[in-house]
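>>> sequence plus predicted model, see below.
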Amino acid sequence: MPIFKDREYLRVELERSQDESLWMQCKACGELVFKRRVRENNNICPNCGEYFFLTAPERIESLIDEGSFVDISKPIVAGDPLAFIDSKSYPERIEVAQERTGLPSAILIAEAKMGEIPVVMGVMDFRFVGGSMGSVVGEQICYGMEQAAERKTPFILISSSGGARIQEGMYALMQMAKTAAVRERLARDAVPFISVMAYPTTGGVQASVASLGDIIIAERGALIGFAGRRVIRDTTGEDLPANFQTDAFAFQHGFIDRVVNRENLREELIHVIRFFQSTEKRES
Amino acid sequence: MPIFKDREYLRVELERSQDESLWMQCKACGELVFKRRVRENNNICPNCGEYFFLTAPERIESLIDEGSFVDISKPIVAGDPLAFIDSKSYPERIEVAQERTGLPSAILIAEAKMGEIPVVMGVMDFRFVGGSMGSVVGEQICYGMEQAAERKTPFILISSSGGARIQEGMYALMQMAKTAAVRERLARDAVPFISVMAYPTTGGVQASVASLGDIIIAERGALIGFAGRRVIRDTTGEDLPANFQTDAFAFQHGFIDRVVNRENLREELIHVIRFFQSTEKRES
Amino acid sequence: MSDERTLDLLEAKIRELQELNKMEGMDLSSEITKLETKLESLRAALYADLSDWDRVKIARHSKRPYACDYFERIFTDFYELHGDRFVGDDRALIIGLARLDGKPVAVIGQQKGRTTEENKERFFGMPRPQGYRKAHRLLLLAERFDLPVISLVDTAGAYPGLESESGNIGGAIAENLALMSRLRVPIVVCIVGEGGSGGALAVGVGDRILMLENATFSVISPEGAAAILWKDKDRTREAAEALQLTAGKLLRLGLIDEVVPEPLGGAHKNWPEVFESVRTSLVRHVEELQNTPRERLVEARYARYRNTGEFHTLAEA
Amino acid sequence: MSDERTLDLLEAKIRELQELNKMEGMDLSSEITKLETKLESLRAALYADLSDWDRVKIARHSKRPYACDYFERIFTDFYELHGDRFVGDDRALIIGLARLDGKPVAVIGQQKGRTTEENKERFFGMPRPQGYRKAHRLLLLAERFDLPVISLVDTAGAYPGLESESGNIGGAIAENLALMSRLRVPIVVCIVGEGGSGGALAVGVGDRILMLENATFSVISPEGAAAILWKDKDRTREAAEALQLTAGKLLRLGLIDEVVPEPLGGAHKNWPEVFESVRTSLVRHVEELQNTPRERLVEARYARYRNTGEFHTLAEA
Ligand SMILES: [Zn+2]
Ligand SMILES: [Zn+2]
């Protein structure tokens, strides 16, 4: 499907599909499954229904009208304002992630159509440093919202993130405030914002823009929460319920509007944006 | 103390103080106490600290600067729009209550000063058909708020009410919406509204204007809640905790800002209105 | 209403004759016609003078259409939203987006259950604070996107229980009253079944208040009033009468705007007919309100509630 | 900081000599003076090159003034408000009304406990959703009455536990960030101790962000960073260094506006001095902001957050 016309990640996608073996083992059911069938099935195990990660390009492909994709991401990449080094330097870490994913950062901003309705979409990629939000992810989300406002189209954010990008320190934390602030402008301008929480939507992303959607949809199998299980156990020693921070937990406690199967997500989003398309802020 | 200059309730107060015996038995500790001492002690048992009811005039006297009282209640009394008859007709019931209390209705609207700061105050009287809110109480509360807005002084409402006035049917229920609507105007105009919940603040009054204060203060010993204990037990059969719907319960669950002893209420209210007196909505 | 049983029997008998009539050599049509005429006149007589208590029972009838039935039948594209964003998702109060006559609206509905299990899940249609706060969220969403709000009221009241009281049910109701009084979009309320006290009013403030013919709207249940005022649970009929809780009476008192007719015997007798009446009425009111400038809309709503009440004015002493 | 003990011993010794000095026939003043000089130079040497990790420990010092200490000492007429209106009253996050320099303000403060019992009540200063929602309520109240908001940040983070997660702690934080970004009153934030991640930021968005000299503000605790990034809990010092979490560093990065000086050795050494510095700084900032038209204030705050971030721009491929 020729929805990706340019950029490096096309190469990576191609390499992936050529390099890899024909079969893979499902981590859930253990079955050997035909890799192409998995791909064609939205990265869902054809045997047991387990969801595998979707890369940002795969996610976009699975959602939008064929051929409607335009990458409108800002041409920016991570700086290294803290000169941060852990097991490797931060620039090295970014380089590895870029090489591995073919993406410039953990998010793509797309202009596209869904059911022939124009949208602006931000799609995070968990492979890129755990989808963590640093200055680039924060800026891209804000830019995406502004583009949606300018085009008067809905903004859809698909989150898949472990939280803030530690290597950017306070710059990363501040992206929570930044994205929340821009989201408020979007609200003021009555531009619909649909937040989709995919596996995982946690930490600083869950505690900012992702929880501020006009409609919040969780993809089935999402992990949704603020603090990690380990932190909670270390701090409180509490027993946590089996469904802790699952989609079902978030739904039961009223955080989200809907839980949607991956195979229905496109259809569901089209339903929602079609609804908002017919609303229009009156002057009075 | 000459704070009441006119109106019928003065006569009732006088009669009360002449008619009655010198001593009363405290319902809490059983002790015989000197009635004048009780009166002088804000209707608190000098022996065990039990709070007895304050009538609306007593409440006003206990709160305001001596001699500053002006009754600005609207000159209205209950109609009988449903021609309601239970064990007696509604007009009869009203007449009995008026005779017994000397009050035209279950609420007085006062213009007064507290710590030399002008306020408008609505004070409910539980003796009058259980302090229930019908058309007159609703109208007086709204009128009081409007007077406060006009005078740019804080509005203080002292609730003591079992809820809506059943005998006025839907007219009574509608007072919840009415008082809430007028309260919103007060908010828009940035006129401070301090809600004091005395024993009891329940049902339709708790579920409308009383819960919408900028500051909500419970008098110690208040009963605060929506549904009555009996209704809850009949419907759910639940065991209710010992402190159910007490001031402590409301505080613990975050409904109210403060619990204040009767003897400190005046001082506390003066503190609050003095604070608001020094705020002033800027134009920008 | 005990006579309703007679009608049911007669109806069954007519159906039997109609079956027989299909058989060869049988012509019962004139007998059937006679019986049908009889049935109609009996029905008319029976329902002509429904007592208020009869209507209370019809309003509570378990076969009456409930909020979700309306959402599915008179709206299109109903899309339920869930959760109050901090406590849970109350199943006794449903919110969502939908289209009425093709145009986008926000909907609220109080929903009873029909089975024991469903009633357990829905707390017998009695919302808890999380339900009212879910509605609050929808109201703000509606205002943001300039969506008219349609609220279908049908509850015995807010859920009276420890959980509700611990969650400040009174405060939650109060916040809704305040918000609905000033929301800058049209609000059309329709009492489709029971309008039970504050728990109903909490989603029942608006620009137009409609009631189905046999719906009730009351400050307290007749049972509650009988217990409190007459200290006698057997005087509920009398209480129902005294409370003036029917659509017709409330219209005469000027407390509601319109009575939406029901089929003879009640909405449960003919759902499609009810859906059509409600739909037509809602469409008309929404359209009228949409043509009102927002500022005037809000002012008119304010004036309506500000002026609600009946009292005597005295000459100043 | 292990040398701090030596200083304490020397201080004690000087006090003993001063006592002796008061006795008849004793003149130790020259010895005392010498020792005092010695003490000062030791102290200066010790605190001159505090490591970032030293500062983390000072920021967490249990004798450091906490939010309520400031409320009582640099404000007048502090009047605490309680409760979020629907769940409870979080004791780890305090709100209230007060006067600063005689002028009315709204205050928020994160409050740790000093005793075990107090820490149990205050969840070690880690707010739960009801805490953030209580702050939310105060922010709206402040906006209604045009009160400047002063927020004193001091928390290891939001409380990480089942109760918090069940109550949508993430959503509660997010709502505060959104509200603070557009509130139409001045907001001055001062990090007085620990600024722990999202739980600190949730009451840490404003027009001016001040930090006490030894306060910290960080995306994650050094311990957490060491565990996650180095998989080694012993490398917390290194992590503290790498995170650039001190007031001085954050000022250089342009992420905060001002460093409020502390007494040598930390705020716990001399409360009155700290109170005076904080008070002076708050008064100055509030005054400046009060002179800014509201529209400009909100636009400037928006621009500040909109433009926060460091990245490289590429020539388009
Ligand atoms: Zn599988
Ligand atoms: Zn006593």
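Arrived safely, thanks for sending. Ligands and ions are numbered 1, 2, ... in the order given.

>>> are stretch A:155-171 and chain D in contact anywhere?
Yes. Residues of stretch A:155-171 contacting chain D under C-beta under 8 Å from any C-beta of the partner chain: A:164-171. Yep, even glycine has a C-beta here, placed from its N, CA and C like the rest.

>>> so which bits of chain C are right by chain A?
C:77, C:79-89, C:97, C:99, C:103-104, C:130, C:134, C:141, C:144-147, C:184, C:293-295.

>>> quick one, grab the pLDDT at residue 37.
Since you didn't name a chain, this refers to chain A. On the pLDDT scale, residue A:37 is placed at 86.

>>> oops, I was thinking of chain C
According to the model, residue C:37 carries a pLDDT of 85.

>>> surely residue C:68 meets residue C:109?
Yes. In this structure, residue C:68 is within contact of residue C:109 by C-beta atoms under 8 Å, at 6.6 Å.

>>> compare these two (neighbour count), which wins?
With neighbours defined as other C-beta atoms under 10 Å in any protein chain shown, residue C:68 and residue C:109 compare such that residue C:109 has more, 27 against 16.

>>> from residue C:217, how far off is the more buried one?
Counting by C-beta to C-beta, to the nearest Å, the gap between residue C:109 and residue C:217 amounts to 16 Å.

>>> anything in contact with each of residue C:68 and residue C:109?
Here residue C:68 and residue C:109 have residue C:94 as joint contacts, going by C-beta atoms under 8 Å, 6 or more residues apart in numbering or on different chains.

>>> contacts only, for the residue nearest to residue A:85 when sequence neighbours are not counted.
Among residues not flanking residue A:85 along the chain, residue D:242 sits closest, at 6.9 Å (C-beta to C-beta, 6 or more residues apart in numbering or on different chains). Going by C-beta under 8 Å, 6+ apart, residue D:242 touches A:82, A:84-86, A:169, D:225.

>>> where does residue D:242 fall, secondary structure wise?
Element membership of residue D:242, judged by DSSP states H and E, is helix D:236-243.

>>> A strand includes residue C:189, no?
Yes. Residue C:189: assigned to a strand according to DSSP: H, G, I helix; E, B strand; the rest coil.

>>> just the helices in the stretch 101-250 of chain A please.
Here the stretch 101-250 of chain A has its helices, by DSSP state H, counting those that start in this stretch, at A:135-151, A:169-188, A:203-206, A:229-236, A:247-252.

>>> which among these is found nearest to chain B?
Nearest to chain B, of all the helices of the stretch 101-250 of chain A, is helix A:169-188, at 17.5 Å by C-beta to the nearest C-beta.

>>> distance between stretch C:202-212 and the chain's centre?
Taking C-alpha atoms, centre = their mean, to the nearest Å, one finds stretch C:202-212 lying 9 Å from the centre of the chain it belongs to.

>>> model confidence over that stretch, on average?
On average, stretch C:202-212 scores 98.

>>> measure that stretch end to end?
19 Å (C-alpha to C-alpha, to the nearest Å).

>>> for stretch A:148-168, same thing?
The first residue of stretch A:148-168 is 27 Å away from its last residue (C-alpha to C-alpha).

>>> name the residues of that stretch that are buried.
A:148-149, A:153-168 (16 or more other C-beta atoms under 10 Å in any protein chain shown).

>>> quick one, what contacts the spatially closest residue to residue C:125 that is not a sequence neighbour?
In this structure, residue C:125 finds its nearest non-sequential neighbour in residue C:112, 3.3 Å apart by C-beta to C-beta, 6+ apart. For residue C:112, the contact set (C-beta under 8 Å, 6+ apart) comprises C:62, C:66, C:92, C:119, C:122, C:124-125, C:154-155, C:193.

>>> mind doing that once more with 10 Å?
Each residue near residue C:112 by C-beta atoms under 10 Å, 6 or more residues apart in numbering or on different chains is listed here: C:60, C:62, C:64, C:66-68, C:92, C:118-119, C:122-126, C:154-156, C:193-194.

>>> in which helix or strand would I find residue A:33?
strand A:32-34.

>>> can I get the next helix or strand along the chain from that strand as PDB, trimmed to CA atoms?
On the C-terminal side of strand A:32-34, the closest following helix or strand by DSSP H and E is helix A:35-40. Extracted as PDB, the C-alpha positions of helix A:35-40 are listed here (Å, rounded to 0.1, in the frame of the first residue of the first chain):
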ATOM      1  CA  LYS A  35       4.300 -13.100   9.600                       C
ATOM      2  CA  ARG A  36       2.500 -11.700   6.600                       C
ATOM      3  CA  ARG A  37      -0.800 -12.800   7.900                       C
ATOM      4  CA  VAL A  38       0.000 -11.000  11.200                       C
ATOM      5  CA  ARG A  39       0.800  -7.800   9.300                       C
ATOM      6  CA  GLU A  40      -2.300  -8.000   7.200                       C
END
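
>>> which non-adjacent residue is nearest the one residue in chain C that gets nearest to ligand 1?
Shortest chain C-to-ligand 1 distance, computed as C-beta to the ion: residue-wise this is residue C:82, at 28.8 Å. Once flanking residues are discounted, residue C:82 sits nearest to residue C:89: 4.5 Å by C-beta to C-beta, 6+ apart.

>>> wait, that neighbour touches residue A:259, no?
No. The pair residue C:89 and residue A:259 does not pass the contact test of C-beta atoms under 10 Å, sitting 11.2 Å apart.

>>> so between these two, which is more surrounded?
Using other C-beta under 10 Å, the more surrounded residue of residue C:89 and residue A:259 is residue C:89, with 23 against 19.

>>> could you check how far the more buried one is from residue C:80?
Applying C-beta to C-beta to residue C:89 and residue C:80 gives a distance of 10 Å.

>>> contacts only, for the residue of the stretch 101-250 of chain C found nearest ligand 2.
Nearest residue of the stretch 101-250 of chain C to ligand 2 (C-beta to the ion) works out as residue C:165 at 28.9 Å. Taking C-beta under 10 Å, 6+ apart, we find residue C:165 in contact with B:224-227, B:229, B:232, B:238, B:240, B:244-245, B:249-250, B:253, B:255, C:128-129, C:158-159.

>>> ok, residue A:207 next?
By C-beta under 10 Å, 6+ apart, the neighbours of residue A:207 are A:163-164, A:176, A:180, A:201, A:225-227, D:132, D:158, D:168-177, D:197-199, D:201-202.

>>> can you read off the pLDDT for residue A:227?
Reported pLDDT for residue A:227: 96.

>>> kindly report the same for the one 3 residues further on.
Residue A:230 carries a pLDDT score of 89 in this model.

>>> okay, now it: neighbour count?
Neighbours around residue A:230, by other C-beta under 10 Å: 12.

>>> residue A:232 is in contact with residue A:202, isn't it?
No. Assessed by C-beta under 10 Å, residue A:232 is found out of contact with residue A:202, at 11.9 Å.

>>> check whether the helix or strand hosting residue A:273 comes near chain C.
Per DSSP H and E: residue A:273 is located in helix A:262-277. Yes. Residues of helix A:262-277 are located near chain C by C-beta under 10 Å from any C-beta of the partner chain, namely A:268, A:271-272, A:274-277.
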